[in-house]
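1. Have a look at this fold, sequence not included:
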């Protein structure tokens, strides 16, 4: 295990750090090993100081080193360097759990998924092989925690202090949820579908992690019970042997290790729906609203908001004056499709379009790049903002909310041309 604080103590400051957390040496002057270590441990200067000092780089089973923010339950984010490609490899994908009672392993040959509830005509149970015999569907989609970038809120709010890495993008393959519901026979009065995974609370007073989605979302073509991720079986820590995939919606609904699907005839009122993962009503421009679960004052998080991230260079990097530098990053939204990414070098007074990369699909990450031509020495602050095809754009001011959800404030990085 390596923490940022221990690294500095061990090296006696030999690997210096800029205010932003990046190595204060030119990229070309650092060894490949030093650059790799720098990239793994880069943390935003906006994170709480305690988080920045104690965040650890650890290797979980089946994973490359991830940044540990909590161990029990495990909450590990992907380093910034893992987010530089449109597809996030399985061993670089973030890990997020709410409950510490995670099965150490699941035997795929004995695993069963039950589909039933008052909103169905009968209860049916399928195994993994039966699930795979249903028509398969594959889609590329971003999986992002609703609290991604919570640690960047100013002022800080409670919760896991995520930086930028509580997200990833993969190709998901599985059976359509609607085909499974058809096996049990949906009744006309079904309104929601509830998911339960194999992870459990350690304490009796902790509510089990149960989530629901509206029936209209459950029967969409793209909502899956997935058993493959990037052409391989799901990693254990990403939901093996099967998980729910809800493209365009935040990962709170993507229940892992799924064991039961229940159709209900009235809005589900479990803790993780009624109390948690809620935002003030009317504060965010959400198109896909979960109206059955709304109150007069708040509403559940649903779709991913439009966002972008500068992945290279990192904040605090030194570059050579007069030498062009490629600024690159990613953009994404809730499935409407990215239309533009723009760059500003003057604090938002003017904007220039970046070049968009290939479009892997409306639910996927979209790469982009911009050629920066620093004219002289000094600080250069770069801002990036994304817009989607329905006219939504990242916000200039952080939209405050008590739980720190939906941080899509325009990001900036400052480089030092020398």
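-> Received, thanks. Fair warning: this is a prediction, and the values are worked out from it, not measured in the lab.
2. can you pull the contacts of the most far-flung residue of the chain relative to its centre?
-> Relative to the C-alpha centroid of the chain, counting by CA atoms, centre = their mean, residue 376 is the outermost residue, at 37.2 Å. Each residue near residue 376 by CB atoms under 8 Å, 6 or more residues apart in numbering is listed here: 321, 322, 417. Bear in mind the C-beta positions are built from the backbone N, C-alpha and C, glycine included.
3. per-residue pLDDT, residue 20?
-> pLDDT, residue 20: 37.
4. where does this structure dip in pLDDT?
-> 1-31 (pLDDT under 70).
5. per-domain residue ranges of it.
-> Here the domain parsing of the chain from automatic domain parsing is 2-87, 112-300, 307-417.
6. got TSV for the contacts of residue 376, with distance to residue 143 too?
-> Output for the contacts of residue 376, formatted as TSV (distance: CB to CB, whole Å):
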residue	distance to residue 143
321	40
322	41
417	37
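7. related to what we said a few turns ago, and residue 99, which of the domains of the chain is closest to it?
-> Residue 99 sits nearest to domain 112-300 of all those, at 4.7 Å, using CB to CB.
8. What's the end-to-end length of the closest one?
-> By CA to CA, to the nearest Å, the extent of domain 112-300 from end to end equals 30 Å.
9. what's the answer for stretch 400-418, then?
-> End-to-end distance (CA to CA), stretch 400-418: 37 Å.
10. coming back round to it: and the domains of the chain as a markdown table, adding distance to residue 96?
-> Formatted as a markdown table, the domains of the chain follow (distance: least, CB to CB, whole Å):
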| stretch | distance to residue 96 |
| --- | --- |
| domain 2-87 | 6 |
| domain 112-300 | 5 |
| domain 307-417 | 14 |
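11. who wins for proximity to residue 106 among those domains?
-> Nearest of the domains of the chain (CB to CB): domain 112-300, 5.9 Å.
12. distance between that closest one and the chain's centre?
-> 14 Å (CA atoms, centre = their mean, to the nearest Å).
13. Ok, stretch 93-104 next?
-> 15 Å.
14. Closest one of the contacts of residue 376 to residue 237?
-> So of the contacts of residue 376, ranked by how close each gets to residue 237 (CB to CB), first place is residue 417, at 41.2 Å.
15. Report the next helix or strand after the helix or strand residue 36 falls within in sequence order.
-> Assigned by DSSP states H and E, residue 36 falls within helix 32-41. Per DSSP H and E, the first helix or strand lying C-terminal to helix 32-41 is helix 49-54.
16. Let me see the ranges of the helices in the stretch 201-350 of the chain.
-> 215-218, 271-274 (DSSP state H, counting those that start in this stretch).
17. In the first one, which residues are buried?
-> When you say that, I think you mean helix 215-218. Counting neighbours by 16 or more other CB atoms under 10 Å, one finds that the buried residues in helix 215-218 are 215, 217, 218.
18. and residue 411, what are its bridge partners?
-> residue 384 (DSSP bridges).
19. likewise the one 4 residues further on?
-> For residue 415, the beta-bridge partners under DSSP bridges are residue 380.
20. Please apply the same query to residue 142.
-> Here residue 142, judged by DSSP bridges, has bridge partners residue 169.
21. Compute the distance between it and residue 254, please.
-> Using CB to CB, to the nearest Å, residue 142 is found at 11 Å from residue 254.
22. for residue 234, same thing?
-> 11 Å.
23. any common contacting residues for those two?
-> residue 243.
24. Looking at those two, which has the bigger crowd around it?
-> Set residue 234 next to residue 254 and count neighbours by other CB atoms under 10 Å: residue 254 wins out with 26 against 23.
25. Contacts only, for that one.
-> So residue 254 contacts 143, 239, 243, 244, 245, 246 (CB under 8 Å, 6+ apart).
26. Let's see that with 6 Å instead.
-> Contacts for residue 254 (CB atoms under 6 Å, 6 or more residues apart in numbering) come out as 143, 244, 245, 246.
27. Turn these into JSON lines, including neighbour count and distance to residue 394.
-> Converted to JSON lines, the contacts of residue 254 look like this (neighbours: other CB atoms under 10 Å; distance: CB to CB, whole Å):
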{"residue": "143", "neighbour count": "27", "distance to residue 394": "20"}
{"residue": "244", "neighbour count": "25", "distance to residue 394": "28"}
{"residue": "245", "neighbour count": "27", "distance to residue 394": "25"}
{"residue": "246", "neighbour count": "26", "distance to residue 394": "23"}
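28. Nothing else from me, thank you.
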